[in-house]
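*Asks:* Here is my input; please provide its structure:
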Amino acid sequence: MKKVCKKCRLFVEGSECPLCKSSNFAETWKGRMIILDAEKSEIAKKVGLKSKGEYAVKVR
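*Replies:* I've put the predicted structure just below:
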């Protein structure tokens with residue numbers, strides 16, 4: 001099962017989030033967004049994402 005950073009909602013495989021350096025993770029999440037180019041993505045702009053990657057829409 002994948003872990004999601006509770007702070008930035010990025011899917012993480014290690015023990016630390018590469019974006020925010022947090023180690024606070026959740027294993028329950030809903031929805032998934034894959035951002036390929038954060039600068040050109042309208043969804044990334046609306047949600048406030050600045051880096052490419054796989055993100056959860058909602059984290060519990």
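
*Asks:* Buried ones in the helix or strand hosting K58, by neighbour count?
*Replies:* Per DSSP states H and E, K58 falls inside strand 53-59. Buried residues in strand 53-59, counting neighbours by 16 or more other CB atoms under 10 Å, are found at G53, Y55, A56, V59. Using the backbone N, CA and C atoms, a C-beta is placed for each residue, glycine as well.

*Asks:* In TSV: those, plus distance to I43 and pLDDT.
*Replies:* Putting the buried residues of strand 53-59 into TSV (distance: CB to CB, whole Å; pLDDT from 0 to 100) gives the following:
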residue	distance to I43	pLDDT
G53	13	96
Y55	10	97
A56	14	96
V59	17	94
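
*Asks:* Just give me the closest of the residues you listed to A38.
*Replies:* Checking the buried residues of strand 53-59 against A38 with CB to CB, the nearest one is G53 at 8.6 Å.

*Asks:* hmm, back to that, of the buried residues of strand 53-59, just say which sits nearest to A26.
*Replies:* Nearest member of the buried residues of strand 53-59 to A26, counting by CB to CB, is V59, at 4.9 Å.

*Asks:* List the beta-bridge partners for the residue positioned nearest the centre of the chain.
*Replies:* Nearest residue to the geometric centre of the chain (CA atoms, centre = their mean): L10, 2.0 Å. Per DSSP bridges, the residues bridged to L10 are Y55.

*Asks:* returning to what we had before: kindly reformat the buried residues of strand 53-59 as JSON lines containing distance to V47.
*Replies:* Below are the buried residues of strand 53-59 laid out as JSON lines (distance: CB to CB, whole Å):
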{"residue": "G53", "distance to V47": "12"}
{"residue": "Y55", "distance to V47": "8"}
{"residue": "A56", "distance to V47": "11"}
{"residue": "V59", "distance to V47": "13"}
